[in-house]
Each structure stands twice: as C-alpha cells, then as structure tokens.
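Asker: here's a sequence, model it:
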Amino acid sequence: ETLAAIAATRSVTLEGRSFVNHNKLLWRYEGCVGLKTGYTEKAGRTLVSAAEREGMTLIAVTLDDPDDWRDHAALFDWGFSNWKMETAVRVGEEVCSLPVGGSLVPFCPVRAGADLRWPLREGERERYETPRCSEREDTVYRHALAAIRCAMERGVGSHGLALIGGGDWNDGMNRVGAGGRGESVWLTWFLALVLRKFAPVCRHMEEPQLAEELLGRAEGYRKAAEAAWDGSWYRRGYFDSGAPLGTRGAESCEIDSIAQSFAALVEDSDRERACQAVSAALERLYLPQAGVVKLFDPPFQDRGPDPGYIKGYLPGVRENGGQYTHGAVWLALACLRLGRTEDGLELLRALLPERRRTQIYQAEPYVLAADVYAAPGHLGRGGWSWYTGAAGWYYRTAVEELLGLKVREGRLFVEPHLPEDWPGWTGEWELDRGRLSIQVSRGRELSVRLDGREIRDGVPLRELTGDHRLEVTAVPGNGKLCFSAKDVV
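Answerer: From the prediction side, this is the model:
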C-alpha cells in the first residue's frame, strides 16, 4: 500500500523541498493511480501502469514500446468501455450453509460481509474458470445435502417453478433466465425426484425432521410442475419476460423431451398426463426410419426469442433440435417406468450405433455418441462419440429397468419389463466368492426361487459363496412404474 501511494503521488514537499513525479500518465490520464518505468536490453523501454474507475482497477504492461504513454491510455480506454463491475453477491446475502456438529440445527447460514463485485463485459452472463480444490472436507452425505440446499435456496419464480438461472441440464439455454426470473419445468421435476429419493437417506442418517422437510418441498415442486400442463404435454419453462417455453403453437421448441420424461419418473405425478406427455414426445420427436430421437422440436432459428448460445448450433444439430442421447435414453426410461415396454425397447434399439449405416453415421459403430444430427441433409450423422454419460444411462436403463436387476442394501431384486416377444432371459452374476446363475421366464404368477427355495426379500449377495441358481417367473406388467424410497437406501 505504501508503494502504491508513492507511485500515485504527483508531487510532494518534504522539508521545504518539492518533488515532482515526471511519469506523464499521472498527469495526462484521469484515474491513473500509479506506474513504473524501466529498461533492459532485451525488453527495451517498459512501462507498468494502473488506473481506477468506478471501483475497478486495470493494469497495463508494455515492452519495447516507444509510444507507451499513448498506448497505455488507449488500453485503459478500451478496458473501461468494455468491462463493468457487476455485483455478484450483495452484503448480507446468504451464499452457503455450513454443517454444525452436535447441534439440533444441522446447518448454519453463511452471509456475505461485503458486496462481491466482478468485472464482466457488456452482455456477459457467465465466465469459465479453472476450479480449485477446496480446503473444506465433509462426508458424501453432507456434500449431497449441500448441493440440494444450494438448489432450493435459489428460490422459485412467479409460477412456483425452480429458477433456471444461467441454464439447467441444457446449459445452452443460458439466457432463458439470465435476468433472474426465468423458470424451468424440467428442473422442478428433477428437484421433486431428487428430494423424494434423498429423504430416506436422511432418515437413515437419523435426521427425520430434515427428511420431512425435503418431502414437503418435493410436493411443492411437483404441484408447480403439474401446473405447467399445456394441454397435451408439459411446458419446458418460462423466459424472464414470463413468456412460456415449450408451448403449443410456438415457432421454436414447441415440445421438449425431458420435461415429459421426468414427469413419468416422479412418483405421484399425474400418470394419465405423464403417459399423454410421453406419447406426444414419441409422436413429435421420434423418427423411426432414421433411428433419431430429437431433444425438442422445432429447433431455434435466427428469429424468435433468444434462449442462449444454443442458437449458435445449426437447427437440428446437437442440443438445438438434434438427438442428445442423454435425453433420448431418458425417454426410453420413462416408457419403461410407465409400463410401455415395447416403446422403451424400440427406443433402446434405435439408439444402438450398430443399427446405423456407417456412410451416414460417420462415427464409430461400437460406442454411443453424445448427439446425432436431425438437420436436413445430415439426418443420422453422429456427433461427439465415446460419450460415457450417455453410455452409463443406457446401461442402467437396459440392466435395471428392462432386465430388472436392482441392488438395494446389498440384496438383489429382479423386476423385469419383459417385451411381448421375449419368453425370458438368462444371465450370470459374478459374486465375490462364487457365481449366481439367473433365469427369468414369463408366467402367470410371480415367483422368485433361490436354489429351489422361494424368497421374498431379495438375494443376499454378500452372504453367498460358491455356485447358486436364481429362478424368476415374471408376470407381464409386473415391472415397477416409478422410483420408490427403498431404491436409494
């Protein structure tokens, strides 16, 4: 601070003698707060200067510049005209919560002691930064709970829906709610689903009051999402202006897949509406001849509202109305949860790259791609391949929902959705100290037998050693339709 004060001083009188700072920028540029000149053989004439305006300080550095005074002034003019200090967090605003050990109140809110301001260019709404490892440590449970609270504390909009902010799962919709008022139907469904699944975990961690709080909030989210019904499907959200996104008659994004899929995944949603919404998504978004499941339709064009950088993609490419495989798998999962096994299986088959023509697909035929184009002239062409997220969701949907293999608290349950042309299936489960042979067949009565003895509470995987045989007789339509609490504990 002392050095900065000296460098910013134009003149001073000490013991009767006057000293003048001859660095020209101090006298020529309003707001200049200090500078230092220098010279080396390799760098030539050097100048480091700083200027301050409206709470923002800029620093300019030039090497081997014969006109450095003028150049520094030009750099400052450019910086101050293109960058403005924006308030990201205001004093007193809650920024996070910290766990409190041994207290009846599990969390203590942390509030900003001063405004947090950050330089942004005009129209800039977000910034890519390199994250750093936090020095804080906590359990996985507390980390998950902190993420949930972060989402809940952002609040809801005028329709009671979760605020979309700078984008939800579809980060390309980063200007739908850039003004702080836009809402997301999908995110609201997702929050309802997550809170319902996490409440039993809270009970398991001996926090029953917190579990009830989450269930209450989940019900509020569910009701708000239900109210976003558009007549034949659910809307996708609302812009800052209050204009609906994903509504009948819209020029762009009339229907969005994931708002329909997650309506089917949330327990206690209106099942008749969920089935109607999924039907609308299949009818409008699934192209069976091309094996493409579009994320939404129609794609965004140059005209119309500005949802964000998603419009930077060509219509029908990637998230802008192409197939985004995450969303396509979720639609298949929704079909299976609704008991529409044939529809779910058809979508899973359509997504397999081995079923695509290599000349059109132009990607590896043995891995899932993140996206497949739906644009005219490029229909069926693969985008980014080796997409582990899409592959993981595909694997879980096929194994846990279609085949019905689910592990709960170390016990294996088999709850298959058998397609009409499947008499059953067989497989083997590798145990820590043995092998479990599984045979599933269609029948009139539900039956589960382990080594010939009927069981009702699943297979205790950790207790088995050696070779064992599991025989399951599945009743058509026996597969479960939605998540239950015991799926997550």
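Asker: how near is the residue positioned nearest the centre of the chain to W233?
Answerer: By C-alpha atoms, centre = their mean, the mean C-alpha position of the chain lies nearest to W169, the distance being 3.4 Å. Going from W169 to W233 by C-beta to C-beta, to the nearest Å gives 18 Å. No exception for glycine: its C-beta is placed from N, CA and C like everyone else's.
Asker: again, but for T9
Answerer: T9 sits 68 Å away from W233, going by C-beta to C-beta.
Asker: what about those two, which has more around it?
Answerer: Comparing T9 with W233 by neighbour count (other C-beta atoms under 10 Å), the higher total belongs to W233, at 28 against 13.
Asker: quick one: pLDDT of the more buried one?
Answerer: Looking at W233, its pLDDT reads 98.
Asker: double-check it against L285; I have them as touching.
Answerer: No: using C-beta atoms under 8 Å, W233 makes no contact with L285, being 10.4 Å away.
Asker: between those two, what contacts are shared?
Answerer: The contact sets of W233 and L285 overlap at I255 (C-beta atoms under 8 Å, 6 or more residues apart in numbering).
Asker: residue contacts, the residue lying closest to L450 once chain neighbours are set aside?
Answerer: Leaving out its chain neighbours, the residue that sits closest to L450 by C-beta to C-beta, 6 or more residues apart in numbering is L470, at 5.5 Å. Listed by C-beta under 8 Å, 6+ apart, the contact set of L470 reads 412, 414, 429, 436-439, 448-450, 459.
Asker: would you map the strands across the stretch 51-200 of the chain?
Answerer: Ranges of strands in the stretch 51-200 of the chain, per DSSP state E, counting those that start in this stretch, are 56-63, 83-89, 94-99, 107-111, 116-121, 162-163, 183-184.
Asker: possible to save these as CSV with mean pLDDT and mean neighbour count?
Answerer: As requested, these are exported to CSV (pLDDT from 0 to 100; neighbours: other C-beta atoms under 10 Å):
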stretch, mean pLDDT, mean neighbour count
strand 56-63, 93, 16
strand 83-89, 81, 14
strand 94-99, 70, 14
strand 107-111, 78, 12
strand 116-121, 81, 14
strand 162-163, 96, 24
strand 183-184, 98, 30
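Asker: wait, which of the ones you listed is closest to L75?
Answerer: L75 lies closest to strand 56-63 among those, at 4.5 Å (C-beta to C-beta).
Asker: neighbouring strands for that closest one, and are they parallel or not?
Answerer: strand 44-53 (antiparallel) (DSSP bridges).
Asker: re earlier: helix, strand or coil for the residue nearest to L450?
Answerer: Recorded secondary structure, L470: strand (DSSP: H, G, I helix; E, B strand; the rest coil).
Asker: in the sheet, who's paired with it?
Answerer: The residues that L470 bridges to, once DSSP bridges is applied, are I438, L450.
Asker: D371 too?
Answerer: Y324.
Asker: roughly how far apart are it and R248?
Answerer: Separation of D371 from R248 (C-beta to C-beta): 26 Å.
Asker: what about those two, which has more around it?
Answerer: Counting neighbours by other C-beta under 10 Å for D371 and for R248 shows that D371 has the greater number, 26 against 13.
Asker: hang on, the more buried one packs against N320?
Answerer: No: contact criterion C-beta under 8 Å: D371 and N320 do not qualify, at 9.9 Å.
Asker: follow-up on the earlier one: identify the farthest-apart pair in the contacts of L470.
Answerer: Pairwise over the contacts of L470, using C-beta to C-beta, the maximum falls at W429 and R449, 15.2 Å.
Asker: who's more crowded, these two?
Answerer: W429 (18 against 14).
Asker: tell me the pLDDT of the more buried one.
Answerer: At W429, the model reports a pLDDT of 96.
Asker: ok so, going back, how near is the residue nearest to L450 to Q301?
Answerer: Taking C-beta to C-beta, one finds L470 at 54 Å from Q301.
Asker: ok, V110 next?
Answerer: 44 Å.
Asker: tell me how many other residues crowd G312.
Answerer: Counted with other C-beta under 10 Å, G312 comes out at 11.
Asker: thanks again, I'm all set now.
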